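Student: coordinates only, sequence not included:
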């Protein structure tokens, strides 16, 4: 039976798993601080609460309960086809949200359905699946439409203590709210939809403590680029990364979302930050957040969601950000980045032959030379958007830089708010006017140039500074060159015509 969202939040599921929706199951509330919970990491606590059965003697392989998911038009079709082929229903349709975001255009005059035939088919199939299986789908024209991860958070669909799987690696972003979340494949989406469970291989625990003083104009994007560079593209393989330390505590919730979003770029399948009062304040009053007495009880439980002082981690790293400056990627992997004052590294100095070869290939693709300064590099395009940096705080930061300025000659710039609600909020604050007056295109919500599969695409040789999460070869178009940076750094580059230091605007 389909339930409204209040019914969903107040439903008490059997035993321990599903009740983590709000932590209201008396069994959880009575035992969450008990002896069995000592010397555990936050990740271990949440996974244990969701474990239905251990499938291996060492407890690594498990069957786990999944609280919620989000599906889009691009990664979910095969899963729904499998449901139909096997005569199955979606087990808890109210726990699934559908969004159109990957293949839809972000153009100001876009229509309800894409003009491209395959994209149109995908969108219509998702809408049909929502109708047939009983879950909500947000298409173009819906005031709540947006990028899946932005929408899930802004509506309060993600809550501390949840375990969430979805068909996109950047699902790990939800860890910023104290949830265990990770990307899953098509067969896993199918299994989740049919059963609300997944077979899960438990990760190792890694703790990254960020310390030091945050410098002028240093954002969460700069911090995570620095962390990814320090740890390497594969530095967190097989681990859930818990971020902690004074630097992390100082970040706003939206900054933490950026941080956890890009943890996957050093191969962390999941990342997590213990929820605090900032998170509780951020969630309170959102559409699917608990209300009234339910809210108070939920917060009481959420406050227990932290690693125990004596908890053991398989790997621990401390990273001091003192002296860190605004950063930009120079290569074709997020770990290939440098601060605005640095030069592009010389592969000759790299002892690891594989990394050296990666550097050489990246330099050739990007049309750069070792020792070249990143500052002053001419650009052709600037882009702000994606699930990484498209929330209201991101748009405010960029608008502050752009106020009263104009795009440099020959530069094209696009801003794509992360959701229709973010777009509306920005327009209410007059942010859209600042972008438009500067010569930027003010567009509709979607994944857009983050992955260039929706009509938003650049050409060979174009050089784009982008507030997105990946700078892989061809990510924004065949032979397009992408430089990742914070929204403020993207904004200043757009008016200078080259990669510049936002501190010198």
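Tutor: Sure thing, it's come through. Note that this is a predicted model, so its numbers are computed, not measured.

Student: C-alpha from now on. contacts and neighbour counts both.
Tutor: Noted.

Student: spatially central residue in the chain, please.
Tutor: residue 261 (3.3 Å; C-alpha atoms, centre = their mean).

Student: just give me the longest helix of this structure.
Tutor: As assigned by DSSP state H, the longest helix anywhere in the chain is helix 117-133.

Student: hmm, back to that, got a list of what the closest residue to the residue nearest to the centre of the chain other than its chain neighbours touches?
Tutor: Of all residues not flanking residue 261 in the chain, residue 173 sits nearest, at 4.0 Å (C-alpha to C-alpha, 6 or more residues apart in numbering). For residue 173, the residues meeting the contact criterion (C-alpha atoms under 8 Å, 6 or more residues apart in numbering) are 149, 181, 257, 258, 259, 260, 261, 262, 271.

Student: from those residues, which ones fall inside helices?
Tutor: Reading helices off the contacts of residue 173 with DSSP H, I get 149, 257, 258, 259, 260, 261.

Student: can you count the residues close to residue 348?
Tutor: By the criterion of other C-alpha atoms under 10 Å, residue 348 has 12 neighbours.

Student: how near is the nearest residue to it once chain neighbours are set aside to residue 447?
Tutor: The shortest distance from residue 348 to any non-neighbouring residue, by C-alpha to C-alpha, 6+ apart, is to residue 356 (7.1 Å). To residue 447, residue 356 is 32 Å away according to C-alpha to C-alpha, to the nearest Å.

Student: ok, residue 461 next?
Tutor: Distance of residue 461 to residue 447, computed by C-alpha to C-alpha: 22 Å.

Student: tell me which of those two has more neighbours.
Tutor: Taking other C-alpha under 10 Å, residue 461 and residue 447 do not tie; residue 447 has more neighbours (30 against 15).

Student: which residue sits closest to residue 258, ignoring its sequence neighbours?
Tutor: Counting by C-alpha to C-alpha, 6+ apart, residue 258 lies nearest to residue 388, which is 5.1 Å off, once chain neighbours are set aside.

Student: return the list of helices and strands in contact with the biggest strand by length in the chain.
Tutor: Determined from DSSP state E, the single longest strand within the chain is strand 204-211. Packing partners of strand 204-211 (3 or more C-alpha pairs under 8 Å, 6 or more residues apart in numbering; DSSP states H and E): strand 239-244, helix 246-250, strand 315-320.

Student: what about the stretch 1-150 of the chain, any weak spots by pLDDT?
Tutor: Residue ranges of the stretch 1-150 of the chain with pLDDT under 70: 1-38.

Student: hmm, 50 instead?
Tutor: Low-confidence segments of the stretch 1-150 of the chain (pLDDT under 50): 1-37.

Student: what are the boundaries of the strands in it?
Tutor: Under the criterion DSSP state E, counting those that start in this stretch, the stretch 1-150 of the chain contains strands at 51-54, 61-65, 69-72, 96-99, 136-138.

Student: in a markdown table, list those along with mean neighbour count.
Tutor: What follows is the strands of the stretch 1-150 of the chain, written out as a markdown table (neighbours: other C-alpha atoms under 10 Å):
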| stretch | mean neighbour count |
| --- | --- |
| strand 51-54 | 17 |
| strand 61-65 | 20 |
| strand 69-72 | 24 |
| strand 96-99 | 23 |
| strand 136-138 | 21 |
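
Student: let me have the ones you listed in a markdown table, extended by distance to residue 466.
Tutor: Formatted as a markdown table, those follow (distance: least, C-alpha to C-alpha, whole Å):
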| stretch | distance to residue 466 |
| --- | --- |
| strand 51-54 | 40 |
| strand 61-65 | 37 |
| strand 69-72 | 23 |
| strand 96-99 | 23 |
| strand 136-138 | 26 |
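
Student: nearest to residue 42, of those strands?
Tutor: Of all the strands of the stretch 1-150 of the chain, strand 51-54 sits nearest to residue 42, with 14.3 Å by C-alpha to C-alpha.

Student: what packs against that closest one?
Tutor: Identification of packing neighbours for strand 51-54 by 3+ C-alpha pairs under 8 Å, 6+ apart yields strand 61-65.

Student: ok, the strand it packs on: who's next to it in the sheet?
Tutor: If you go by DSSP bridges, strand 61-65 pairs up with strand 51-54 (antiparallel), strand 197-201 (antiparallel).

Student: with adjacent residues omitted, what lies nearest to residue 218?
Tutor: In this structure, residue 218 finds its nearest non-sequential neighbour in residue 326, 5.3 Å apart by C-alpha to C-alpha, 6+ apart.

Student: residues in contact with the one you found?
Tutor: Going by C-alpha under 8 Å, 6+ apart, the list of residues near residue 326 reads 217, 218, 219, 222, 339, 340, 485, 486, 489, 501, 502.

Student: keep only those of these that are in helices.
Tutor: If you go by DSSP H, the contacts of residue 326 have 222, 489 in helices.

Student: mind putting the contacts of residue 326 into JSON lines with pLDDT and neighbour count?
Tutor: Below are these laid out as JSON lines (pLDDT from 0 to 100; neighbours: other C-alpha atoms under 10 Å):
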{"residue": "217", "pLDDT": "98", "neighbour count": "17"}
{"residue": "218", "pLDDT": "98", "neighbour count": "21"}
{"residue": "219", "pLDDT": "98", "neighbour count": "26"}
{"residue": "222", "pLDDT": "98", "neighbour count": "25"}
{"residue": "339", "pLDDT": "98", "neighbour count": "21"}
{"residue": "340", "pLDDT": "98", "neighbour count": "21"}
{"residue": "485", "pLDDT": "98", "neighbour count": "28"}
{"residue": "486", "pLDDT": "98", "neighbour count": "28"}
{"residue": "489", "pLDDT": "98", "neighbour count": "30"}
{"residue": "501", "pLDDT": "98", "neighbour count": "22"}
{"residue": "502", "pLDDT": "98", "neighbour count": "19"}
